[in-house]
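Fold the following for me, if possible:
(chains A and B)
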2 protein chains.
Amino acid sequence: MRITIIGSGNVATHLAAAFKNAGHRIVQVYSRDAQHAALLAYHVKADPVCDLSQIDLETDLFVIAINDNAIGAVAEQLAQYGKLMVHTSGATHMYALQAFSEQVGVFYPLQTFSKTREINFRNVPLCIEGADQDIVKQLTELAQTISNNVYPVDSDQRKILHLSATFACNFPNYLYYVAQQLLAQHGLDFNLIRPLILETAEKAQTSLPAAVQTGPVVRGDQLTMDNHRKLLENHPDLQQLYTLLSQGIIKMDIDLHADK
Amino acid sequence: MRITIIGSGNVATHLAAAFKNAGHRIVQVYSRDAQHAALLAYHVKADPVCDLSQIDLETDLFVIAINDNAIGAVAEQLAQYGKLMVHTSGATHMYALQAFSEQVGVFYPLQTFSKTREINFRNVPLCIEGADQDIVKQLTELAQTISNNVYPVDSDQRKILHLSATFACNFPNYLYYVAQQLLAQHGLDFNLIRPLILETAEKAQTSLPAAVQTGPVVRGDQLTMDNHRKLLENHPDLQQLYTLLSQGIIKMDIDLHADK
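Numbers count the residues shown, from 1 in each chain, chains lettered A, B, ... in the order given. Prediction:
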């Protein structure tokens, strides 16, 4: 397929590389920033472009991988060319494109990308939505050329997915940060806790989280919880967070027993 | 070394197996529950015992891997034999043993164990404390026979470590549960989000969490945050948690900029 990448951020970079590696042709990479466009274009053997009026029409698909709040404006400009266009945003409804065209869809890779980290795209879940069944089919086939995990997900489901991703990725990473800060404040090495972080995530790969919950809360160890809260007495915000998360775990335990 | 394991839970099971694999002799496995004692003893070719009065004195070390609140009572009974004894608890001060003997220490493996999951013990951080330098040396040498990650950690530091572990393991696992429940309530597969969970933890293996924080909060994407909170309007507890975690991430971002 001939693909034009709109954007040069983390998602654009990883998607462009995955398409290129799967044998697709990246026609152009667009970014407002000429240097960013040039860098990514170089990596995927495409032409860089930093003005939407210079878009090459010899393409099959526009992949709009830019900030959520800019998607509408870019889609409005691209719509005139009558090509299939998709956005890659978890938090944006397909309406953002449908307002301007019928040839639209969503191609949402559910992963956290860093430019400096290699990722095996075949394991990345790709969530597909299309304005009609033909588009869904076309995008699904494209998705399968780069990933083994392709799912049909409509806009309402995708909202929930994006919210869930915030709980499963952004918030745990913040808690790693809290742990790292507590350790650093007491002269302890973050390496002490890294294997624990990894094992916790690996357990979730084969088990449901409720089945492998450990710790003082789920053991009902009130003494340890009190000690923990006391250690946090100079961090009232963390103390409040500790209490709220503990209450959640207590409720989780009750829910589990209610299921039995 | 000749080692007696007191306990038959997750920590006792994994430690006993690691000692056995490293060539140590497990003399006895004690559990109040005869069946539990027999099962673990069978695996590590030891004698099971369910009465502390039947403890074999031909041993070098008692490893007390039982519930925190039972450590003191068991230590009191074992102290009469004048052997070196350690507990394996993150949340328990060495005083719990020192009250009864001078030949004491702590041997705390910082990992989350499940009986059904194999673990490479060589990667498990082992935190060592001893009542005197000679005991520290002896326990460190023992620890190095089963792990490549042996750290001296005193009781006050260990408290912080245990608290940090709660933030880095128990609480993230609870957030995985929240994500899984949200997905399930909308007919979505937890597999959609498993690669994201793993990648987030893998990033933390080589980066500091603050350097790889992603998501709407760190992007200052107020619209998405408002939408997320609206999706949670039937879950006031989760809404509150979302707000508190978001505030933490906002503050984290500020701290980062303050560092520059």
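
measure stretch A:150-169 end to end?
By CA to CA, to the nearest Å, the extent of stretch A:150-169 from end to end equals 20 Å.

quick one: is that stretch near chain B?
Yes: judged by CB under 8 Å from any CB of the partner chain, stretch A:150-169 comes into contact with chain B through A:151, A:153, A:156-157, A:159-169. (Glycine included, C-beta is placed from N, CA and C.)

Chain neighbours aside, what residue packs nearest to A:Ala22?
The shortest distance from A:Ala22 to any non-neighbouring residue, by CB to CB, 6 or more residues apart in numbering or on different chains, is to A:Thr145 (4.4 Å).

Around the one you found, count how many other residues there are.
Neighbour count of A:Thr145, defined by other CB atoms under 10 Å in any protein chain shown: 14.

separation between it and A:Val86?
From A:Thr145 over to A:Val86 the distance is 15 Å, taken as CB to CB, to the nearest Å.

Likewise for A:Asp132?
13 Å.

How about A:Gly215?
42 Å.

Also A:Phe190?
From A:Phe190 over to A:Val86 (counting by CB to CB), the distance is 39 Å.

A:Thr224 reaches B:Asp68, doesn't it?
Yes: here A:Thr224 reaches B:Asp68: they are 6.8 Å apart, a contact under CB atoms under 8 Å.

So A:Pro216, which state does it fall into?
Here A:Pro216 is coil, with the state taken from DSSP: H, G, I helix; E, B strand; the rest coil.

Which residue is the nearest non-sequential neighbour of it?
Nearest to A:Pro216 is A:Thr224, by CB to CB, 6+ apart, at 3.9 Å.

contacting residues around stretch A:41-52?
A:5, A:13, A:16-17, A:19-20, A:26-34, A:37-38, A:40, A:55-56, A:74, A:77-78 (CB atoms under 8 Å, 6 or more residues apart in numbering or on different chains).

tally of neighbours for A:His228?
25.

And for A:Val11?
Other residues close to A:Val11 by other CB under 10 Å number 21.

give me every residue that touches it.
A:65, A:88, A:109, A:113.

any chance of the residues you listed in TSV, plus neighbour count?
As requested, those are arranged in TSV below (neighbours: other CB atoms under 10 Å in any protein chain shown):
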residue	neighbour count
A:Ala65	24
A:Thr88	23
A:Pro109	24
A:Phe113	18
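
A:Gln98: which of those residues is nearest?
A:Thr88 (15.9 Å; CB to CB).

The closest residue to that closest one other than its chain neighbours: what's it in contact with?
The spatial neighbour of A:Thr88 that comes closest, neighbours along the chain excluded (CB to CB, 6+ apart), is A:Ala65 at 4.4 Å. A:Ala65 is in contact with A:5-7, A:9, A:11-12, A:15, A:87-88, counting by CB under 8 Å, 6+ apart.

ditto for A:Gly105
Contacts of A:Gly105 by CB under 8 Å, 6+ apart are A:84-86, A:94, A:97, A:128-131, A:135-136, A:139.

give me the residue from the stretch 1-150 of chain A nearest chain B.
A:Ala91 (4.5 Å; CB to the nearest CB).

Restricted to buried residues, select the contacts of stretch A:41-52 in ChimeraX.
Here is the ChimeraX selection string for the buried members of the contacts of stretch A:41-52, based on 16 or more other CB atoms under 10 Å in any protein chain shown:
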select /A:5,13,16,17,19,20,26,27,28,29,30,31,37,38,40,55,74,78
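
Among the contacts of stretch A:41-52, which ones are in strands?
Members of these lying in strands (criterion: DSSP state E): A:5, A:26-30.

Quick check on A:Ile146: phi, psi?
phi -120, psi -10 (degrees, to the nearest 10).

ok, and the closest non-adjacent residue to it?
Per CB to CB, 6+ apart, closest to A:Ile146 is A:Ala18, 4.3 Å.

Now do the biggest helix by length in chain A, average pLDDT.
When chain A is parsed with DSSP state H, its longest helix is helix A:236-259. The predicted model gives helix A:236-259 an average pLDDT of 83.

what's the offset of that helix from the middle of its chain?
On the basis of CA atoms, centre = their mean, to the nearest Å, helix A:236-259 sits 26 Å off its chain's mean C-alpha point.

now the angle between helix B:236-259 and that helix, please.
150 degrees (axes from the mean of the first three to the mean of the last three CA atoms, to 10 degrees).

and helix A:236-259, anywhere near chain B?
Yes: Helix A:236-259 is in contact with chain B by CB under 8 Å from any CB, via A:237-238, A:240-242, A:244-245, A:247-249, A:251-252.

what packs against that helix?
Here helix A:236-259 touches helix A:222-231, helix B:171-185, helix B:236-259, going by 3 or more CB pairs under 8 Å, 6 or more residues apart in numbering or on different chains; DSSP states H and E.

any idea which of those helices is most buried?
helix B:171-185 (a mean of 24; mean count of other CB atoms under 10 Å in any protein chain shown).
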